[in-house]
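K.L.:
Any chance you could fold what I've pasted below:
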Amino acid sequence: MAFNYESEFIFIGRGDESFLENYSYELSDDSEVSGGKIFMSLEILNNQAEAEDIGEAIFANFKQKFYENKKADPYERFEEALKETNRTIETLKEEKVSRFIGNLNIALGTIVDNGLLISTTGDAEVYLVRKRFVSIVSEGLAEESKSETFVNIASGSLESGDSVLFSSTRLLRYITKGELGRICGDSNTKRIGSSLAELQDFIMTEILGRSAVLGIAVKQPQMEEESVFEAEESGGSRLESLLDRIPGRGIFLSTIGRFFGKLAALLPKRLPIPAPAPRFAPSGFFRKMTKERLLITVGVLAILLISGVFWLRSSSNQKKLIQEQQLKLNNAKELMSDAMTTGQFDKTKAAEYLATAEKSCVEVLNSRYLRGDAVKTLDDIQKQRDLLDDVRRIDSPTVVASLAEKRANASALGLLELKNRMFAFEYNALYEMVLDKLQDPITISDTESVILGTNYPDKESLLFLTRTGKMIEYADARFSLVTTKDGIWKKGVDMKSYNDRVYVLDPERNQVWKYIRRRDGFDAGEAYNQDADLAKAVALAIDSAIYVLNSDGFITQLYQGKKVDYPLRRLPLKPVKTPTKIYTSQEMNRLFILEPSEQRVVVYRKDPKNGGAQYQNQYVFKNTGILRDLIVSDTRLYVIDDKKVYVVNMGNML
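P.N.:
Here you go, the predicted model:
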């Protein structure tokens, strides 16, 4: 015997720090075979702007896959639908450079032929209430997995009188099992909407954050067919149909029911009805007018009246809210216009205008009104920022070489150039690119692990510093060890050569070590830094001076070992905060800084007359892995992630 299922949902908590939604669906043309019902409670944290689209994509793809083959085994259908959901989430992550789409708390489930199948992720949980006993049926499902969001499935059979709660958070933090069982007791005698309303009242003052809760009541089939009027009364079925169409009827009617229940206690058992005039034939309804019938009639009229007033007030309030959001968007567009004019002579002021405009648009977006206009305006703000900062977005950079074609587990450390020859290297292998064709990798050492590399034009060779403090030189297609007089090379975070010298950046000892080449090897390392603070140093580059890049995005210049002030002027609107590499040469009048967290290369123009450098433009890369290194050759900018080398022809863009 198939049961009937009544479902309602609520949102518990206050604030807008997360996106909440409940979903449910059942095929309307499901006559031949039971396709089942599907349910989802969802919370997305830390991504308000895209959360609604993400939630809809997850549920839509789950739904499409689940109903693809209704005749298949329900467990197999649910399992395939979860796999499709995992693929959907992975695709959404791949569209982001950071691979972050928000923190997901999701409970997914289906009911087919009285069987319940569920899966959860994050803090979401599913509870089964049977005869006032509460079971956490989702316990242990939300395991950590790097590759999949939904990992495990739980299944079981439902009985008449059961209640099932899907929650985006752990409700038992705020209510005991005993209280939850009392509130969501036998669903045959209590509407699920009334239970949810009572649950909301109970934990509202205790809950931290917010929660989406979806409740399902399992009922005997005949219970939903009973009319509030006697069976022969045709008006009863029409009235119940009318009540069923009222939005949120479960919670709303439970409140009205409590009110009229108190009213009934004050009325006599049966109201006297005057005898009808002889010429009228009273209807069966009025002949049998009882206290209960009168109360229901009055209740329905009251509901219709209150619903009408509520709709008018809601409509008026909604119109007012839309007007308020439209004013915010209009103000944002005015600020954008001001920024366009101001940016020609005061980029900082223009940036402030755009930041204020963006804040207004985000407020509109979070209000859920005029979302399309808000998203378009936000896009326009980003385009205007790009114009102010001269940002070049590289959506599809040209792939020069793929190291994975030669070695599947390749993990590149950097790029090197020597006499117009391009090389990539990893901890034990060197890859050469000849006319954009990748050669087979050459093993640098069978026993050592490379940590740094640099070209060494003075000897037309490449140098590699190992984890154990040894230097390996690659020249004339051979590898050999290069010694230093003190027996071991100092280790650091970066290494560069200049003429016959090699410099190793060592922030741990607040030093740059200088090694000079002799016929039989290198001299012992000399301390080059005299007065600079290098505690934040992450990389260095050399022309006639040494440029030390710091982790906060600023540059320390050393000339003959002494610190020289090196101011950076007209900084980009989005400051450099976590750079990793810097590149320049004696022939270049520009500095190139790599910031992998933003997938960009920021370009500064050197100012030899006044000292320091001035921001010029930047290149933002999409559809690549996390960038690890860069070099510049003529007008070509090369970058590398763990497995691929990309090139951008800058041409006159410099």
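
K.L.:
now this protein, which segments are flagged as low pLDDT?
P.N.:
Scanning the chain for pLDDT under 70 picks out the ranges 1, 28-34, 97, 144-146, 222-294, 308-316, 652-654.

K.L.:
mind listing the helices for it?
P.N.:
With DSSP state H as the criterion, the chain has helices at 48-66, 74-94, 177-183, 192-203, 234-244, 249-264, 284-287, 291-342, 347-367, 371-389.

K.L.:
what separates the fourth one from the chain centre, distance-wise?
P.N.:
Taking CA atoms, centre = their mean, to the nearest Å, one finds the center of helix 192-203 at 31 Å from the center of the full chain.

K.L.:
32 is where my numbering starts, stick with that
P.N.:
Sure, I'll start numbering at 32, so the last one becomes helix 223-234.

K.L.:
If Ile41 is in a bridge, with which residues?
P.N.:
The partner list for Ile41 in beta bridges (DSSP bridges) reads Val244.

K.L.:
how deep is Gln95 tucked in, by neighbour count?
P.N.:
11 (other CB atoms under 10 Å). Any C-beta I mention is one placed from the backbone N, CA and C, and that applies to glycine too.

K.L.:
Grab the nearest non-local neighbour of it.
P.N.:
Using CB to CB, 6 or more residues apart in numbering and skipping the chain neighbours, the partner closest in space to Gln95 is Glu115 (7.7 Å).

K.L.:
Could you double-check that that neighbour sits in contact with Phe93?
P.N.:
Yes. The criterion here is CB atoms under 8 Å, and Glu115 meets it with Phe93 at 6.5 Å.

K.L.:
Leaving out the residues flanking it, which one is nearest to Arg438?
P.N.:
Using CB to CB, 6+ apart, the closest residue to Arg438 is Pro472 (5.9 Å).

K.L.:
how close does the residue most central in space within the chain get to Arg509?
P.N.:
Residue closest to the mean C-alpha point of the chain, counted by CA atoms, centre = their mean, is Ile132 at 1.2 Å. Ile132 sits 49 Å away from Arg509, going by CB to CB, to the nearest Å.

K.L.:
just Val579 next, same as before
P.N.:
Distance, Val579 to Arg509, by CB to CB: 33 Å.

K.L.:
Contacts made by stretch 204-221 with the rest, please.
P.N.:
With contacts defined as CB atoms under 8 Å, 6 or more residues apart in numbering, stretch 204-221 is touched by 37, 158, 160, 162-165, 191-194, 196, 202-203, 223, 226, 229-230, 233-234, 237-238, 246, 248-251, 254.

K.L.:
Report how far apart the opening and closing residues of that stretch are.
P.N.:
Taking CA to CA, to the nearest Å, stretch 204-221 runs 25 Å from one end to the other.

K.L.:
Flag every buried residue along that stretch.
P.N.:
Using 16 or more other CB atoms under 10 Å as the test for burial, stretch 204-221 gives 205-206, 208, 210-218, 221.

K.L.:
repeat for stretch 362-369
P.N.:
Result for stretch 362-369 [16+ other CB under 10 Å]: buried residues 363-364, 366-367, 369.

K.L.:
on that earlier part again, hmm, which two among the buried residues of stretch 204-221 are most spread apart?
P.N.:
Greatest spacing in these, by CB to CB: Tyr205 and Asp217 (23.1 Å).

K.L.:
Next, count neighbours for Ser476.
P.N.:
Residues contacting Ser476 under the criterion other CB under 10 Å number 16.

K.L.:
for it, what are its contacts?
P.N.:
By CB under 8 Å, 6+ apart, Ser476 lies in contact with 459, 497, 503, 510.

K.L.:
Report the buried members of those.
P.N.:
Burial of the contacts of Ser476 was assessed by neighbour count (16+ other CB under 10 Å); the buried members are 459, 497, 503, 510.

K.L.:
which ones among these are found in strands?
P.N.:
Mapping those onto strands (DSSP state E) picks out 497, 503, 510.

K.L.:
residue contacts, Arg423?
P.N.:
Contact analysis of Arg423 by CB under 8 Å, 6+ apart lists 648-651, 684.

K.L.:
Now for Ser199: which residues touch it?
P.N.:
By CB under 8 Å, 6+ apart, the residues touching Ser199 are 51, 72-74, 136-138, 153-155, 242-244.

K.L.:
quick one on the thing from earlier: could you check which of Glu115 and Phe93 has the larger neighbour count?
P.N.:
Neighbour totals were compared for Glu115 and Phe93, and Phe93 leads with 26 against 18 (other CB under 10 Å).

K.L.:
Confirm for me that that one is in contact with Lys114.
P.N.:
No. Judged on CB under 8 Å, Phe93 makes no contact with Lys114 at a distance of 10.0 Å.

K.L.:
possible to save the contacts of Ser199 as CSV with neighbour count?
P.N.:
Shown next, in CSV, are those (neighbours: other CB atoms under 10 Å):
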residue, neighbour count
Leu51, 23
Ser72, 30
Leu73, 28
Glu74, 27
Asn136, 25
Ile137, 27
Ala138, 31
Gly153, 18
Asp154, 20
Ala155, 27
Ser242, 26
Ala243, 27
Val244, 24
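
K.L.:
okay, stretch 573-592 in PDB with CA atoms only?
P.N.:
Output of stretch 573-592 as PDB, limited to C-alpha atoms (Å, rounded to 0.1, in the frame of the first residue of the first chain):
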ATOM      1  CA  ILE A 573      68.900  41.600 -11.400                       C
ATOM      2  CA  ASP A 574      69.900  44.300 -14.000                       C
ATOM      3  CA  SER A 575      72.700  46.400 -12.700                       C
ATOM      4  CA  ALA A 576      71.000  46.400  -9.300                       C
ATOM      5  CA  ILE A 577      69.200  43.700  -7.400                       C
ATOM      6  CA  TYR A 578      65.400  43.900  -7.000                       C
ATOM      7  CA  VAL A 579      64.100  41.900  -4.000                       C
ATOM      8  CA  LEU A 580      60.300  41.200  -4.200                       C
ATOM      9  CA  ASN A 581      58.600  41.100  -0.800                       C
ATOM     10  CA  SER A 582      55.500  39.100   0.100                       C
ATOM     11  CA  ASP A 583      53.500  42.300   0.600                       C
ATOM     12  CA  GLY A 584      54.000  43.300  -3.100                       C
ATOM     13  CA  PHE A 585      56.600  46.000  -2.500                       C
ATOM     14  CA  ILE A 586      60.200  46.000  -3.800                       C
ATOM     15  CA  THR A 587      63.500  46.500  -2.000                       C
ATOM     16  CA  GLN A 588      66.400  47.600  -4.200                       C
ATOM     17  CA  LEU A 589      70.000  46.800  -3.400                       C
ATOM     18  CA  TYR A 590      72.900  48.600  -5.100                       C
ATOM     19  CA  GLN A 591      76.400  47.500  -4.100                       C
ATOM     20  CA  GLY A 592      74.800  45.900  -1.100                       C
END
